[in-house]
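Participant: quick one, structure for this:
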Amino acid sequence: MNTVSLIGRMTKAPQLKYLTEGRLQTSFVIAVSKGYKTDEADFVLCTIWGKLAETTVKYCGKGSLVGITGRLNTRSYEKGEGTRVFVTEVVVEDIRFLVTKKRDDHEDNQEQKKVEADFEFPTSQSNQLPV
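Facilitator: Just a heads-up that it's a prediction; the model follows:
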């Protein structure tokens, strides 16, 4: 059985991507607390497809608290110099908006101007939540 349920806060506002054949997709990272008595967190890559992706982008911004249910997926791709990169992500099948944060229009404009590379996990050993 491949089922994952997590509650966490979005580390940045999700951006909608329009792919071939009219498919919609968004990816984001959520910070999932490791427990009540610690500030440590795990950072989990999440991917949503279709109408659910569109709804998520519409209502969620950086800091939104969401509950997700989905399945684990692993994939790999080849980076520029022939380096193979492995990614583990949650393919979200259901999302609940627990506490939404307004999307910042200025933030959206800045992110649209940047061309972002594929997601890479932070290289630091600390899993502390950013302040």
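
Participant: residue ranges with poor pLDDT in this structure?
Facilitator: 103-131 (pLDDT under 70).

Participant: contacts only, for the residue nearest the centre of it.
Facilitator: Centrality entry for the chain: nearest residue to the mean C-alpha point is Phe28, 1.6 Å, by CA atoms, centre = their mean. The contact partners of Phe28, taken as CB atoms under 8 Å, 6 or more residues apart in numbering, are 10-14, 45-46, 56, 60. Bear in mind the C-beta positions are built from the backbone N, C-alpha and C, glycine included.

Participant: specify the local secondary structure of the nearest residue to it once chain neighbours are set aside.
Facilitator: Nearest in space to Phe28, with sequence neighbours left out and distances taken as CB to CB, 6 or more residues apart in numbering, is Pro14 at 4.2 Å. Three-state assignment for Pro14 (DSSP: H, G, I helix; E, B strand; the rest coil): coil.

Participant: count of neighbours near Pro14?
Facilitator: 25 (other CB atoms under 10 Å).

Participant: ok, it to Lys34 distance?
Facilitator: From Pro14 across to Lys34, the span is 23 Å (CB to CB, to the nearest Å).

Participant: what do you get for Thr47?
Facilitator: Distance from Thr47 to Lys34, counting by CB to CB: 23 Å.
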